[in-house]
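*Asks:* return atomic coordinates for the entry below.
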Amino acid sequence: MSRLPLFDYPCSILNQLLLTRFEGGPLAFSIQTTSWQTVDSDRLHRLLLAYYRIQQANRELPRRLAWPLAPLSELMWEQQLDNGVRLLAIRCYSLQSGMGEAERLKIERMIFGEPCGVDCPLKYGSNLDGTVRELDGWIMPVIEVNRVREKREEIATNKINFYSHEEMDGSLQIQNSDLRSTVVASLHFAY
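*Replies:* Residues are numbered from 1 along each chain as shown. From the prediction side, this is the model:
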């Protein structure tokens, strides 16, 4: 599948970042990986959570950027990986492939048994002191909905004056190189 032109759809800055840093998708590095067990599970948790959030923000992005489904399929069926990685891989696969909820639940039952029957610990970030925050992957979609809602409320209620600042800070000024860029956007979304 060929990629569509970069500037034919919204979020061009995000797309540019994904094309330059993650050409082939967040799991493209797996082409060089001989085994998923050699990849740090913390890294897989972070990548898959980002993958999930990207798809929640823009379901068309993986298709437009021609990200393959194979790495997600490999992850979800790899029995040696932790359950958090496998559950996130299933969720990402179902979003990217356009799979219905009934089919996703069928795959989750094949891999884990009854929903919420086994723990699927998911490393969900870290605190300021560096300790890892974990949650059960089964409740991650609800936590994500709340996270996005809270961020949107924060954006809506906090007034930010973009047009004044106390001192002339050179880093806040538009540089000539900024004006020559073909990417001009005002981008802010909560996902």
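*Asks:* ok, the nearest residue to Trp67 once chain neighbours are set aside - contacts?
*Replies:* Distances taken as Cβ to Cβ, 6 or more residues apart in numbering place Gly25 nearest to Trp67, at 3.4 Å, with adjacent residues excluded. No exception for glycine: its C-beta is placed from N, CA and C like everyone else's. Shown in contact with Gly25 (Cβ atoms under 8 Å, 6 or more residues apart in numbering): 51, 62, 65, 67-68, 71.
*Asks:* where do the helices sit along this protein?
*Replies:* 12-21, 41-57, 61-64, 70-77, 83-97, 101-112, 140-157, 176-180 (DSSP state H).
*Asks:* just name the most buried of these.
*Replies:* helix 83-97 (a mean of 23; mean count of other Cβ atoms under 10 Å).
*Asks:* quick one: contacts of that one?
*Replies:* Against helix 83-97 from outside (Cβ under 8 Å, 6+ apart): 41, 44-45, 48-49, 51-52, 55-56, 59, 62-63, 67, 69, 72-73, 75-76, 78, 99, 101, 103-104, 107-108, 111-112, 118-123, 137-138, 140-141.
*Asks:* one more: stretch 68-75?
*Replies:* If you take Cβ under 8 Å, 6+ apart as the criterion, stretch 68-75 is touched by 24-25, 27-28, 30, 36, 44, 48, 81, 85-86, 89, 92-93, 96-97.
*Asks:* count residues in the vicinity of the residue lying closest to Ala28 once chain neighbours are set aside, would you?
*Replies:* Leaving aside its chain neighbours, Ala28 sits nearest to Phe22 (6.5 Å; criterion: Cβ to Cβ, 6+ apart). Other residues near Phe22 come to 18 when the count uses other Cβ atoms under 10 Å.
*Asks:* and the contacts of stretch 68-75, which two are the farthest apart?
*Replies:* Maximum pairwise distance among those (Cβ to Cβ): 21.5 Å, between Gly24 and Arg86.
*Asks:* worst-scoring helix or strand of this protein, pLDDT-wise?
*Replies:* Within the chain, no helix or strand scores below helix 176-180, which has a mean of 54 by mean pLDDT, DSSP states H and E.
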